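Colleague: pasting a predicted model and its sequence here:
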Amino acid sequence: MFGCVDKTKTKHRQFVDSIRIDKLIEIKIKECERENDICMISTSNRLQKKYGNEHVNRVLSRLSQRSI
């Protein structure tokens, strides 16, 4: 009974959660950029503390690739 988990659903759920977190981070960064013309370091640091370095760095690199 215990430990019998469908791992595909768990992986899918993690993937969906990861996408949601990335979208939230992207919204916050774009909001900061609209207000200040750049992403402020304090905003980036705050997001890294809340969501983790990996998520924030991934979104920042994706946004910087779009702007090039």
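Modeller: Yep, that arrived.

Colleague: in the chain, where is pLDDT below threshold?
Modeller: 1-9, 67-68 (pLDDT under 70).

Colleague: grab the most central residue of it for me.
Modeller: Nearest to the geometric centre of the chain sits D22, at 2.7 Å (CA atoms, centre = their mean).

Colleague: pretty sure that residue sits against V59.
Modeller: Yes - contact criterion CB atoms under 8 Å: D22 and V59 qualify, at 5.4 Å. Yep, even glycine has a C-beta here, placed from its N, CA and C like the rest.

Colleague: in which helix or strand would I find R46?
Modeller: Using DSSP states H and E, R46 falls within helix 41-51.

Colleague: who's in contact with the following helix or strand past that helix?
Modeller: With elements assigned by DSSP H and E, the helix or strand that comes after helix 41-51 is helix 53-67. Outside helix 53-67, the residues that touch it by CB atoms under 8 Å, 6 or more residues apart in numbering are S18, I21, D22, I25, E26, I29, K30, C39, S44, L47, Q48.

Colleague: can you get me a residue count around V59?
Modeller: Residues within reach of V59, counting by other CB atoms under 10 Å, total 24.

Colleague: also the one 3 residues further on?
Modeller: Residues within reach of R62, counting by other CB under 10 Å, total 11.

Colleague: all numbers from here: first residue = 16
Modeller: Okay, residue one is now 16; in that scheme the one you just asked about reads as R77.

Colleague: by contact count, what packs against whichever helix in the chain runs longest?
Modeller: Scanning the chain for the longest helix, with DSSP state H as the assignment, gives helix 22-51. Packed against helix 22-51, as judged by 3 or more CB pairs under 8 Å, 6 or more residues apart in numbering; DSSP states H and E, are the following elements: helix 56-66, helix 68-82.

Colleague: which one, of those, ends up nearest to K26?
Modeller: Closest to K26 of the helices and strands packed on helix 22-51 is helix 68-82 (CB to CB; 16.7 Å).
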